[in-house]
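J.: pasting the structure only:
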C-alpha cells in the first residue's frame, strides 16, 4: 500500500509517531488508558485553560454568541470581541495595532511570505520553529540561516549579503521551543539597526511569563518599540487558542489585504476570544501566580544543576538531550510507566543525534513531583 515502506522505515529508526487518547483533568494531571499521570508535556504553563473565571466567562459567551464564528473576518466572522482583544494586545505591548490569526502556525506561515518578496533577504536562526521555516519556504525571498543564537554568525551573513537586497528581515524566537534557551535580544537589535534591517520576533513561549504585564521578553527588556513585528500565540501561557502579531498600523492593514491565511481562514469562535481576554487580564490580576511559577522554574534548574544534569535551557522548557532516538523513546516510556508523562522529541523536530526528553514546567506542579521525576531520570540515565 501507498507509504507502507516509508512508515516501516520510520518505525525501525525510532521516528514513528502515534496519537494517544488523552483526558486532561485539573492541576496538570492527565488520564491515559485509565491511568492518572502528571503531565510534564503541556504548554499550558499557568494553568489558565481550566481557571474558574475563564470557564465562567466562556459559558456566558456561548449563551450569547453560540459556538462558531460563521465565516472569515472579512466576511461576517468579525465581531466586537475581536476589537476588544486587539485593543488589549496593542496596549499591552505598546504598539499601534494588533492582528489576530487562527493559530500560531498560521501566523508565521502566513505573515512571513506576505511581508517579503523576491527583492528581500531573510536571515533566520538555525533552530527557528517549523512554522517559521514553512513561512520562509513559502516566500519568494532569499534565505540564509545563522548559527543558533550566534551573533558573529549573523553579522558575517549581514556583511556578505545585506547590501544586495532592498529589505532584510531577521527572524528569531525569544524562547526556543525545543531547547528552552533565550535569544540575545539586545545584541540582535544592535545588529538589525547597524545593518538597517527589520526584526520579526516570535514570543510564543515568553508571552505571559515575562514583564510585569506578561507582554514577553522584549517588553521586559524595554525594547519592544525597536522591533517591527512581535508575534505570539494564545495556546501557551494564555491557555486558549490562536496567534497574533503586534506591529504598526500600516503593516496590520497590509496583512489584512495580503495575508492569505488571514483572508481565507474562518474567524476564531467568540468563546475562544473571550477565554483569551479573560486569561490576559489574569496576567495582572493574578500576578502572584506568575511569580510563583517562575520560582518553580528556578527551583527546577537549581535541582538539575545540583544533580549535574546538563540542559541548554534557561526557561520553563527543559530538554534533557539523550542523542539516540531509540534510547530516548525507552526512557520516555519508562518515565510514563512511573507516572510522569513526558515525551521523546526526535528528528526531524530536532536535529539529528539530539533526541531528547522535553520537560515542561507547569504552575500546578509540586516540588515533590519535580524531585521525583528528576530522581527517576537519574536512574534511567546512569
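T.: Noted; the coordinates are in hand. Every value quoted in this text rests on a predicted model; they were computed, and no experiment measured them.
J.: So the most centrally placed residue in the chain versus residue 103, what's the distance?
T.: Nearest to the mean C-alpha position of the chain, counting by C-alpha atoms, centre = their mean, stands residue 204 at 3.5 Å. As judged by C-beta to C-beta, to the nearest Å, residue 204 and residue 103 stand 11 Å apart. In short, each C-beta sits where N, CA and C put it, glycine included.
J.: again with residue 191
T.: 30 Å.
J.: ditto for residue 265
T.: With distances taken as C-beta to C-beta, residue 265 is found 9 Å from residue 103.
J.: got it, and residue 182?
T.: Between residue 182 and residue 103 the computed distance is 24 Å (C-beta to C-beta).
J.: again with residue 321
T.: Taking C-beta to C-beta as the measure, residue 321 and residue 103 are separated by 28 Å.
J.: tell me which element the residue nearest to the centre of the chain is part of?
T.: In the assignment (DSSP states H and E), residue 204 maps to no helix and no strand.
J.: Quick check, it in contact with residue 231.
T.: Yes - checked against C-beta atoms under 8 Å, the pair residue 204 and residue 231 is within contact range at 7.3 Å.
J.: Find residues that contact each of those two.
T.: Residues touching both residue 204 and residue 231 (C-beta atoms under 8 Å, 6 or more residues apart in numbering) are 104, 243.
J.: contacting residues around the nearest residue in space to residue 175 that is not next to it in sequence?
T.: Residue nearest to residue 175 in three dimensions, not counting chain neighbours: residue 205, with 3.9 Å by C-beta to C-beta, 6 or more residues apart in numbering. Contact partners of residue 205, counting by C-beta under 8 Å, 6+ apart, are 43, 173-177, 236, 315-317.
J.: who does the lengthiest helix in the chain touch, helix- and strand-wise?
T.: Using DSSP state H to define each element, the chain has its longest helix at helix 287-306. Counting contacts by 3 or more C-beta pairs under 8 Å, 6 or more residues apart in numbering; DSSP states H and E, the secondary-structure elements packed against helix 287-306 are strand 317-323, helix 367-381.
J.: what's the spacing between the residue nearest to residue 175 and residue 230?
T.: Counting by C-beta to C-beta, the separation of residue 205 from residue 230 is 13 Å.
J.: ditto for residue 253
T.: Summarising the geometry, the distance separating residue 253 from residue 230, computed by C-beta to C-beta, is 17 Å.
J.: neighbour count winner among these two?
T.: residue 230 (26 against 12; other C-beta atoms under 10 Å).
J.: Confirm the more buried one sits in a strand?
T.: Yes - judged by DSSP: H, G, I helix; E, B strand; the rest coil, residue 230 forms part of a strand.
J.: for residue 171, what are its contacts?
T.: Neighbouring residues of residue 171 by C-beta under 8 Å, 6+ apart: 112, 122-125, 128, 132, 136, 199-202.
J.: Next, give phi and psi for it.
T.: With angles defined as degrees, to the nearest 10, residue 171 shows backbone torsions of phi -120, psi 130.
J.: and what of residue 37?
T.: Dihedral pair for residue 37: phi -130, psi 150, per degrees, to the nearest 10.
J.: Near it, how many other residues are there?
T.: 21.
J.: right, and it touches residue 29 too?
T.: Yes - in terms of C-beta under 8 Å, residue 37 counts as a neighbour of residue 29; the distance is 7.0 Å.
J.: State the distance from residue 127 to residue 181.
T.: In this structure, residue 127 lies at 9 Å from residue 181, with C-beta to C-beta as the measure.
J.: in what helix or strand does residue 240 lie?
T.: Under the assignment here (DSSP H and E), residue 240 is part of no helix and no strand.
J.: quick one, what contacts it?
T.: With contacts defined as C-beta under 8 Å, 6+ apart, residue 240 is in contact with 48-49, 234, 272, 275-276, 279.
J.: quick one: which of the residues you listed is most hemmed in?
T.: residue 234 (29 neighbours).
J.: which residues touch that residue?
T.: Contacts for residue 234 were tallied using C-beta under 8 Å, 6+ apart; they are 240-244, 272, 276, 279.
J.: any idea how far the nearest residue to residue 21 once chain neighbours are set aside lies from residue 39?
T.: On the basis of C-beta to C-beta, 6+ apart, the spatially nearest residue to residue 21 that is not a chain neighbour turns out to be residue 32, at 7.0 Å. Here the distance between residue 32 and residue 39 works out to 10 Å (C-beta to C-beta).
J.: Could you check which of the two has the larger neighbour count?
T.: The residue with more neighbours, out of residue 32 and residue 39, is residue 39; 22 against 14, by other C-beta under 10 Å.
J.: is it true that the more buried one touches residue 31?
T.: No - between residue 39 and residue 31 there is no contact under C-beta under 8 Å: 10.0 Å.
J.: Which stretches in this structure count as helices?
T.: Assignment of helices within the chain using DSSP H yields the ranges 4-12, 52-65, 80-93, 104-115, 130-137, 151-161, 185-194, 217-220, 249-258, 260-263, 270-285, 287-306, 325-337, 367-381.
J.: Which of the contacts of residue 205 sits closest to residue 161?
T.: When those are compared for distance to residue 161, the smallest value, 21.8 Å, is given by residue 173; criterion: C-beta to C-beta.
J.: That closest one contacts residue 204, correct?
T.: Yes - here residue 173 lies in contact with residue 204, judged by C-beta under 8 Å, at a distance of 7.2 Å.
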